[in-house]
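Undergrad: How does the following fold in three dimensions:
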Amino acid sequence: MQINRTQLFRASCLSLLVTSLSFGIRAGILGDLGVKFNLDKEQLGQITATAFYGFPIAVVIGGFIVDAIGMKRLLVMAFIFHLAGIVLTVFASGFWTLYISTLLIGLANGTVEAACNPLVASLYTENKVTKLTHFHLWFPGGIVIGTLVVLLFKELGLSWQVQVGVMLIPTIIYGYLFSKLDFPVTERVASGVSTAGMYKALLNPLFIFMFICMFGTAITELFTGQWIEVLLKNVTQNALLLLTLGNGVVFLGRAFAKPVLKAVTPQTLLLISAILAALGLYMLGHLDGTAVFGGAIVFGMGVCFFWPTMLGFVNTNMPATGALGLNLMGGAGMFAVSIYTIFMGGFYDRIQKEAGSDTTLAGKSVLNATLVIPLVLIVAFAGLVLYMKGKSKKDAAAVQL
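TA: Down below sits the predicted model:
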């Protein structure tokens, strides 16, 4: 069996590109869907949330079965889900068809991560955090491409169905590429860690701590990104460009992951990220006009390394948690976002009702409420930095003995 890790990595990036295109394009057409099908913000929140809870369902189930069935079979399933979800979205006729099609895309996105995160970790055991970050740069990359596609197609007068249909092209390409390639076994299987050993590793207090922190990092990054146009459309004429700009910053940051991770440890990077994310959210919630673009840049710098560093930290420091550990982390993040999105859709509608026609107040209220999350993360990651510093001193003393 010939393992071509470069081609496998490229195909993985393409499958993640489809995942992120779905986020970018949906964020861009959310307002149009509301008008077309007469949906309020709570209904739009419910539709958006299906992608976020479809993801954890798929990623957690995938985490439990990936060692047994292999990563290739999981990616075939992801391809089928993506195909069905995109086609059903194009032919959507109202709330329920949008709900089901978005759920299918969420399941596809989760299945991609369930297979590709352990695949990248297995292919690049010597520099997991860097390669996982390079892999995950295609998430913001796809959002940038997706939002630009929406802006261009709206300018050309093309329908939202055509915008969604564009995703079929990379979907068919990644499905074809994966069908032709051989896959390795997961790193846990290759290293001989037993299933019992994996479950025991998941009970490590450090893993549980990171699992809980993943709720906050995912909500800060993904909820804000998905809803940015709705929340700030009355603050600036180019709200969708905020999403494009923020994710452009994330894309560039992840591209330069190697020198960044040489300069600071992953735990220090998480602390710096939480501080910048909190500052960026504060700016987005308090500035107006073109000044909010400064907030988008700072916010993009903040959330840039959250997702891949969380995964890389767990897999590097607790490798026995294996593919399941990676996928439970991803599932935790997306599940938290789905619950938060539903809650905040209702919160937005209530604030707007109280404020009359002032949608600016409603959007900023949601951002200011969300600001609490990165503030809590600053405290949590400061504790993590101190813990890891103490642990490395203890390990160094044990080696000397």
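Undergrad: Tell me the helices and strands packed up against the host helix or strand of residue 47.
TA: Following DSSP states H and E, the helix or strand that holds residue 47 is helix 41-69. Secondary-structure packing of helix 41-69 (3 or more C-beta pairs under 8 Å, 6 or more residues apart in numbering; DSSP states H and E): helix 5-36, helix 71-90, helix 95-123, helix 224-232, helix 322-354. C-beta: built from backbone N, CA, C; applies to glycine.
Undergrad: Redo the ones you listed as CSV? Include distance to residue 299 and mean neighbour count.
TA: Converted to CSV, these look like this (distance: least, C-beta to C-beta, whole Å; neighbours: other C-beta atoms under 10 Å):
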stretch, distance to residue 299, mean neighbour count
helix 5-36, 15, 21
helix 71-90, 28, 21
helix 95-123, 22, 25
helix 224-232, 7, 25
helix 322-354, 16, 22
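Undergrad: could the ones you listed go into TSV alongside distance to residue 282 and mean pLDDT?
TA: Shown next, in TSV, are those (distance: least, C-beta to C-beta, whole Å; pLDDT from 0 to 100):
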stretch	distance to residue 282	mean pLDDT
helix 5-36	22	86
helix 71-90	35	94
helix 95-123	30	92
helix 224-232	12	71
helix 322-354	17	87
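Undergrad: Same list (these) but as TSV, adding distance to residue 260.
TA: What follows is the helices and strands packed on helix 41-69, written out as TSV (distance: least, C-beta to C-beta, whole Å):
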stretch	distance to residue 260
helix 5-36	19
helix 71-90	28
helix 95-123	18
helix 224-232	21
helix 322-354	21
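Undergrad: about what we covered before: tell me which residues of the helix holding residue 47 come out buried.
TA: For helix 41-69, the neighbour count (16 or more other C-beta atoms under 10 Å) marks 41, 43-63, 66-67 as buried.
Undergrad: where does the stretch 151-300 of the chain dip in pLDDT?
TA: 226, 229-231, 234-237 (pLDDT under 70).
Undergrad: Please enumerate the strands of it.
TA: Counting by DSSP state E, counting those that start in this stretch, the stretch 151-300 of the chain forms no strands at all.
Undergrad: gap between the helix holding residue 47 and the chain center?
TA: 12 Å (C-alpha atoms, centre = their mean, to the nearest Å).
Undergrad: got the angle between it and helix 5-36?
TA: The directions of helix 41-69 and helix 5-36 differ by 160 degrees, with axes from the mean of the first three to the mean of the last three C-alpha atoms, to 10 degrees as the criterion.
Undergrad: so how far is residue 218 from the residue lying closest to residue 324 once chain neighbours are set aside?
TA: With C-beta to C-beta, 6 or more residues apart in numbering as the criterion, residue 324 has its nearest non-adjacent residue at 4.2 Å, and that residue is residue 63. According to C-beta to C-beta, to the nearest Å, residue 63 and residue 218 sit 16 Å apart.
Undergrad: now residue 391
TA: Distance from residue 391 to residue 218, by C-beta to C-beta: 25 Å.
Undergrad: wait, what's in contact with residue 349?
TA: Applying C-beta atoms under 8 Å, 6 or more residues apart in numbering to residue 349 gives the contacts 40-42, 362.
Undergrad: What of residue 90?
TA: 161, 164-165.
Undergrad: Write a ChimeraX command that selects only the buried members of those residues.
TA: Command for ChimeraX that selects the buried part of the contacts of residue 90, burial taken from 16+ other C-beta under 10 Å:
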select :164,165
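Undergrad: Distance to residue 387 for the contacts of residue 90 - can I get that in JSON lines?
TA: Converted to JSON lines, those look like this (distance: C-beta to C-beta, whole Å):
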{"residue": "161", "distance to residue 387": "51"}
{"residue": "164", "distance to residue 387": "45"}
{"residue": "165", "distance to residue 387": "49"}
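Undergrad: Kindly indicate which of the contacts of residue 349 lies nearest residue 307.
TA: Proximity of the contacts of residue 349 to residue 307 (C-beta to C-beta) peaks at residue 41, which lies at 26.0 Å.
Undergrad: tell me the pLDDT at that closest one?
TA: The per-residue pLDDT reported for residue 41 equals 79.
Undergrad: same question, residue 61
TA: So residue 61 comes in at 93 (pLDDT).
Undergrad: I'd like the distance between it and residue 95.
TA: Counting by C-beta to C-beta, the gap from residue 61 to residue 95 is 26 Å.
Undergrad: Likewise for residue 188?
TA: The gap separating residue 188 from residue 95 is 42 Å, by C-beta to C-beta.
Undergrad: again with residue 318
TA: For residue 318, the distance to residue 95 - C-beta to C-beta - is 42 Å.
Undergrad: Same question for residue 22.
TA: For residue 22, the distance to residue 95 equals 18 Å [C-beta to C-beta].
Undergrad: same check, this time on residue 321
TA: 39 Å.
Undergrad: Residue 152 too?
TA: Distance from residue 152 to residue 95, by C-beta to C-beta: 28 Å.
Undergrad: ok, now residue 284?
TA: Applying C-beta to C-beta to residue 284 and residue 95 gives a distance of 29 Å.
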